[in-house]
Every structure is written in structure tokens, then in C-alpha cells.
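# Sequence and predicted structure below; questions after.
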Amino acid sequence: MALIVQKYGGTSVANVERIKHVAERVAKFKMLGHQVVVVLSAMSGETNRLIALAREVQSEPDPRELDVLVSTGEQVTIALLAMALKDLGLKARSYTGSQVRILTDNAFTKARILQIDEAALRADLDAGRVVVVAGFQGMDAAGNITTLGRGGSDTTGVALAAALHADECQIYTDVDGVYTTDPRIVPQARRLETITFEEMLEMASLGSKVLQIRSVEFAGKYKVKLRVLSSFQDEGEGTLITFEEEKHMEEAIISGIAFNRDEAKITVQGVPDTPGVAFQILGPVADANIDVDMIIQNTGANNTTDFTFTVHRNDYARTIALLGKLQPQIGAREIMGDEHIAKVSIIGVGMRSHVGIASTMFRTLAQENINIRMISTSEIKISVVIDEKYLELAVRVLHDAFELEKAPAV
Ligand code: ADP
Ligand code: ASP
Ligand code: MG
């Protein structure tokens with residue numbers, strides 16, 4: 001007998017038919033003698049619908065009330081699944097995040113899980129019940145409802161698996177695993193049998209929304225056995241996230257390509273090239289709680305320099321306005337911005353032991369006349385910022401250039 005946590009995403013519970021299908025899948029695991037905890041998302045599109053409703057009422061919705069609102073999506077699906085399970089003759093109970101005391105901090109709309117009280121869940125499991133928990137939500141110390149950020153049900157699933165020392169956490173979605181890149185963009189993308197935890201962390205943080213980054217962080221911290229699978233297929237091993245010490249089945253140099261359109265670029269032109277310039281520009285940005293991602297400062301000429309960085313697109317207007325006010329103080333000639341950029345990243349632990357990866361990437365983009373606007377690298381990834389209109393082309397040609405559609409020779 002094993003204890004399994006299964007998380008089903010929005011498309012897997014999109015309607016009553018899909019929910020009944022999930023109930024049947026859960027029943028199969030139960031029949032095999034396993035204990036099962038199920039974590040659910042809201043029906044696909046529901047969270048967006050609720051956010052849009054809030055915006056109709058208040059242009060910048062109050063974060064506390066927004067969390068009260070958007071957490072309702074998951075409450076609908078858990079109740080329906082518990083009913084469907086009971087209809088199949090199983091014992092089941094649904095719980096909201098606060099009912100199972102998923103304690104978080106009080107950062108509404110992006111709260112972090114601090115603690116989970118697993119004793120009550122265990123009592124239910126020991127009584128033979130399937131426990132169905134609402135994903136994406138928790139409660140702060142004062143009893144306020146909080147949510148964990150978009151895609152946060154993944155994190156609920158992994159956190160519950162960690163708290164319960166589950167044998168496996170299975171993330172069921174609409175693709176049958178983690179692919180070399182988003183299969184919606186590159187149809188030739190290939191499912192990976194395994195991916196290392198480090199690579200998955202980079203993929204998630206650089207834009208692959210198949211797993212929320214915090215769920216991967218949790219899996220790493222508590223060594224949760226994490227697998228991504230399809231709820232639309234009855235067979236298949238999905239993709240297993242492995243840890244360094246385990247032997248990898250695949251030894252590719254590049255494992256995957258991630259991309260996002262979430263960022264915008266800001267250039268502060270013609271600033272005096274003196275010590276403290278970076279701080280003068282980025283200090284106030286940080287004070288305004290705006291996260292900065294990539295940063296480039298050119299070598300100065302004529303005692304002035306250009307300073308370029310990226311922020312989340314949602315923070316773009318605010319950052320431009322803030323720097324506009326500071327312009328005289330910084331002594332900048334001009335502040336320019338570009339919202340139509342995209343970031344493309346190649347990721348692979350094999351990069352550590354291979355040279356020439358960056359040059360292959362740059363040559364491939366050059367051959368398509370795609371201008372690279374910014375570059376950043378780490379031990380296992382190279383990211384470039386390009387014009388958004390070339391994003392899909394860039395991902396496709398890079399996928400081709402690194403032959404990601406082929407399984408690496410073992
Ligand atoms: P869910 O609602 O089940 O949480 P998501 O939409 O959050 O599902 O995540 C699944 C989607 O992630 C897929 O439909 C796919 O388009 C996208 N995706 C992006 N990158 C990848 C990747 N490397 N491998 C698999 N899917 C990916
Ligand atoms: N329903 C939430 C969202 O759409 C959480 C999730 O699906 O993981 O972001
Ligand atoms: Mg998701």
C-alpha cells in the first residue's frame with residue numbers, strides 16, 4: 001500500500017464529465033489498496049473569469065477580497081469530485097485550504113505555505129477515505145483566506161505530499177509529461193522520461209508553466225517523488241523529476257527550451273558613468289517592490305553609459321513612471337522602454353561539461369536574422385531577449401539546431 005497525492009489541473013476538471021473521469025481514475029488507485037489524497041484546480045477558465053469579474057468592480061482589486069473571490073473556483077470542483085467518488089461507492093471528504101489548515105504568510109495573491117497540519121488528513125486516510133483538497137489556497141495566521149499565485153495548485157499538491165511523506169506526487173494535466181519545449185509551439189517536441197530537479201527548476205522559472213516553480217522548489221527541498229502525467233490517457237509513465245544523485249536515463253546536453261512573454265525592457269540612456277549609478281537606478285525600483293530580472297550595463301564612452309534591465313510586464317508602466325520622476329536626479333539623457341520582447345532560454349545540466357553551446361545558439365538565431373537584445377547565462381542555462389514577434393521562430397529553430405526531437409544516445 002502506498003500513499004499517493006494526485007493533483008488534477010483545470011482542463012482535467014473542466015466539466016462534470018471530466019470530474020467523473022477523475023473519480024474513476026482515483027477509484028482505480030483506491031482499488032489497488034493505495035491511500036489517495038486528491039488536490040484540485042478550479043475548472044479551466046474559472047480563475048480568469050473570477051479575476052475579470054473583480055476588475056469590473058474595482059480596477060485594481062483589493063488583494064484580500066480578490067483571494068476570497070478566486071479561491072471559490074476550487075471549492076466547486078472539490079465538492080463535485082467528492083460527490084462523484086461517493087457515487088462510485090467510495091468514502092470521500094472534500095476540504096478547503098483553511099479547513100485543512102494550510103497555513104501561509106499573509107502575502108495575498110502570492111502567499112507562501114508555511115505549515116500544514118497533516119494529522120486530520122491522516123485520520124481520514126486511516127478511516128479509508130479519499131481526501132479531496134482545494135488547491136491554490138490557504139489561510140494566514142489571522143484566519144484570512146490566501147492564494148498561492150497562478151498555477152498554485154501544483155504547489156498545494158507537492159506541499160501535501162511533503163507533509164504526508166507520500167510515496168509519490170502525481171501532477172495530472174493535459175500533456176503526458178514534460179516536453180523538450182511547449183508542444184503547442186513545437187509539435188515535434190519530445191516527452192522526457194526524466195528531467196533533473198535542477199533543470200525542471202530552470203524550466204519552470206524561465207517560463208514553462210507545466211509546473212509552478214514553487215512546487216518544484218518544494219519537491220527539491222523535501223525530496224518529493226514528483227511525476228507529471230496526462231489525465232486524458234490511461235497508460236503512460238509521464239515524466240519523473242529526478243535528483244542529482246540518481247542516475248539519469250537521458251544524458252542530453254540540452255534538455256529543454258523555455259520561453260516567456262512576461263517581461264518588458266527598460267533602458268536608461270546616457271547616465272554618468274560613475275560609481276553608484278546602478279544603485280541610483282535600481283535602489284528606488286527595489287524600494288517600490290518591483291523585481292528586476294536581467295541587467296546589462298554597457299562600457300561607458302564619453303563618461304556616460306547605458307543601463308538596461310527587464311521587469312515583469314505588469315510592472316512596466318510603474319517602473320517607467322518612477323524612473324521618469326528620477327531622471328533629473330540620475331542625470332539620464334533618455335528613458336526608453338520596450339514591452340514587446342520575449343525571453344528564450346536553453347537549459348541542460350550537460351552544458352557544464354560541453355563547450356560551444358552558446359555559439360550554436362547565437363549562430364542559429366543569426367541565421368534567421370533574429371537580433372539578440374540581451375543575454376544572461378548560468379551554469380546550466382543561456383537566456384536571450386529578442387523581439388516578441390520572433391519568439392516562435394526562435395524556439396523552433398533552436399529545437400531543430402539542438403536536435404531535441406531525437407532521444408539522446410545512451
Ligand atoms: P494545468 O491546468 O493542468 O495545471 P497548465 O496549463 O498549467 O495545466 O500546464 C500544462 C501546459 O503547459 C501544457 O498544455 C503545455 O502547453 C504547457 N507547457 C509549457 N511548456 C511545457 C513543457 N516543456 N512540457 C509540457 N508542457 C508544457
Ligand atoms: N486555479 C488557479 C489558477 O488558474 C490555480 C491552478 O490552477 O493551479 O491559477
Ligand atoms: Mg498549471
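Arrived safely, thanks for sending. Residues are numbered from 1 along each chain as shown. Ligands and ions are numbered 1, 2, ... in the order given.

# Please name every helix or strand in contact with the host helix or strand of E74.
Here E74 is covered by helix 72-87, with elements defined by DSSP states H and E. In terms of contacts (3 or more Cβ pairs under 8 Å, 6 or more residues apart in numbering; DSSP states H and E), helix 72-87 is packed against helix 16-31, strand 35-40, helix 46-57, strand 92-95, strand 130-134. All C-beta spots, glycine's among them, are computed from the backbone N, C-alpha and C.

# Going by contacts, tell me the helices and strands next to the shortest one.
This means strand 92-95. With contacts defined as 3+ Cβ pairs under 8 Å, 6+ apart, the packing partners of strand 92-95 are helix 72-87, strand 130-134.

# Give me the distance from the following helix or strand past it to the chain's centre.
Downstream of strand 92-95, the first helix or strand assigned by DSSP H and E is strand 102-104. Taking Cα atoms, centre = their mean, to the nearest Å, the mean C-alpha location of strand 102-104 is offset from the chain mean by 20 Å.

# model confidence over strand 102-104, on average?
Strand 102-104 shows a mean pLDDT of 98.

# can you check stretch 202-217 too?
Averaged over stretch 202-217, pLDDT sits at 96.

# who touches stretch 21-28?
Applying Cβ atoms under 8 Å, 6 or more residues apart in numbering, the contact partners of stretch 21-28 are 6, 8, 12-13, 36, 38, 40, 81, 84-85, 87-88, 90, 130, 172, 231.

# For the protein, which residue gets nearest to ligand 3?
Nearest residue of the chain to ligand 3, counting by Cβ to the ion: G151, 4.1 Å away.

# tell me, how many neighbours does Q137 end up with?
27 (other Cβ atoms under 10 Å).

# got a list of what it touches?
If you count contacts by Cβ under 8 Å, 6+ apart, then Q137 has 67, 71, 74, 96-98, 102, 145-148, 152, 156 around it.

# repeat that for 7 Å
71, 74, 96-97, 145-148 (Cβ atoms under 7 Å, 6 or more residues apart in numbering).

# Skipping adjacent residues, who's closest to it in space?
Using Cβ to Cβ, 6 or more residues apart in numbering and skipping residues adjacent in sequence, the residue nearest Q137 is G97, 3.6 Å away.

# List the contacts of the one you found.
Contact analysis of G97 by Cβ under 7 Å, 6+ apart lists 134, 137-139.

# now those as a markdown table including distance to ligand 1, pLDDT and secondary structure?
Converted to a markdown table, the contacts of G97 look like this (distance: Cβ to the nearest ligand atom, whole Å; pLDDT from 0 to 100; DSSP: H, G, I helix; E, B strand; the rest coil):
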| residue | distance to ligand 1 | pLDDT | secondary structure |
| --- | --- | --- | --- |
| A134 | 14 | 98 | strand |
| Q137 | 15 | 98 | strand |
| G138 | 18 | 98 | strand |
| M139 | 22 | 98 | strand |
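
# What's the nearest residue in this structure when you look at ligand 1?
When scored by Cβ to the nearest ligand atom, the chain has G9 as its residue closest to ligand 1, at 1.8 Å.

# For R333, see how far away the residue of the chain most remote from its centre is.
Distance to the chain centre peaks in the chain at N302, reaching 43.1 Å (criterion: Cα atoms, centre = their mean). Computed with Cβ to Cβ, to the nearest Å, the distance linking N302 and R333 is 11 Å.

# same thing with M83?
65 Å.

# now swap in I185 and tell me
Distance from I185 to R333, counting by Cβ to Cβ: 38 Å.

# neighbour-wise, which of the two wins?
Using other Cβ under 10 Å as the criterion, I185 and R333 rank with I185 on top: 15 against 12.

# hang on, the more buried one in a strand?
No: judged by DSSP: H, G, I helix; E, B strand; the rest coil, I185 forms no part of a strand; its state is coil.

# shaky segments in the chain?
Where the chain drops to pLDDT under 70, the residues are 244-250, 410.

# And the residue nearest the centre of it?
Centre-nearest of the chain using Cα atoms, centre = their mean is Q212, 2.8 Å out.

# Excluding sequence neighbours, find me the nearest residue to it.
Computed as Cβ to Cβ, 6+ apart, the closest residue to Q212 that is not its neighbour in sequence is G151, at 3.8 Å.

# my read: the one you found touches K209, true?
Yes: with contact defined as Cβ atoms under 7 Å, G151 counts as touching K209 (6.0 Å).

# Tell me what A258 is bridged to.
Taking DSSP bridges as the rule, A258 bridges to S345.

# isn't it right up against S208?
Yes: with contacts defined as Cβ under 7 Å, A258 counts as touching S208 at a distance of 4.6 Å.

# For the two, list the residues in contact with both.
Shared contacts of A258 and S208, defined by Cβ under 7 Å, 6+ apart, are absent.

# list the contacts for M361?
M361 makes contacts with 346, 382, 398, as judged by Cβ under 7 Å, 6+ apart.

# What about the nearest residue to V292 once chain neighbours are set aside, how many residues nearby?
Excluding the flanking residues, the one nearest V292 by Cβ to Cβ, 6+ apart is F309, at 5.1 Å. If you count neighbours by other Cβ under 10 Å, F309 ends up with 22.

# For F309, give its distance to ligand 2.
Distance, F309 to ligand 2, using Cβ to the nearest ligand atom, to the nearest Å: 27 Å.

# Keeping just the C-alphas, turn whichever strand or helix holds that residue into CSV.
F309 is part of strand 304-312 when elements are defined by DSSP H and E. Extracted in CSV, the C-alpha atoms of strand 304-312 (Å, rounded to 0.1, in the frame of the first residue of the first chain):
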residue,chain,number,x,y,z
THR,A,304,28.3,58.2,-19.9
THR,A,305,26.8,54.7,-20.1
ASP,A,306,23.5,53.0,-21.0
PHE,A,307,21.8,50.8,-18.4
THR,A,308,19.3,48.2,-19.5
PHE,A,309,17.2,45.9,-17.4
THR,A,310,13.9,43.9,-17.5
VAL,A,311,10.9,43.8,-15.2
HIS,A,312,7.6,42.0,-15.3
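
# ok, back up a step: and the angle from the helix holding E74 to helix 46-57?
Put simply, helix 72-87 runs at 150 degrees to helix 46-57, going by axes from the mean of the first three to the mean of the last three Cα atoms, to 10 degrees.
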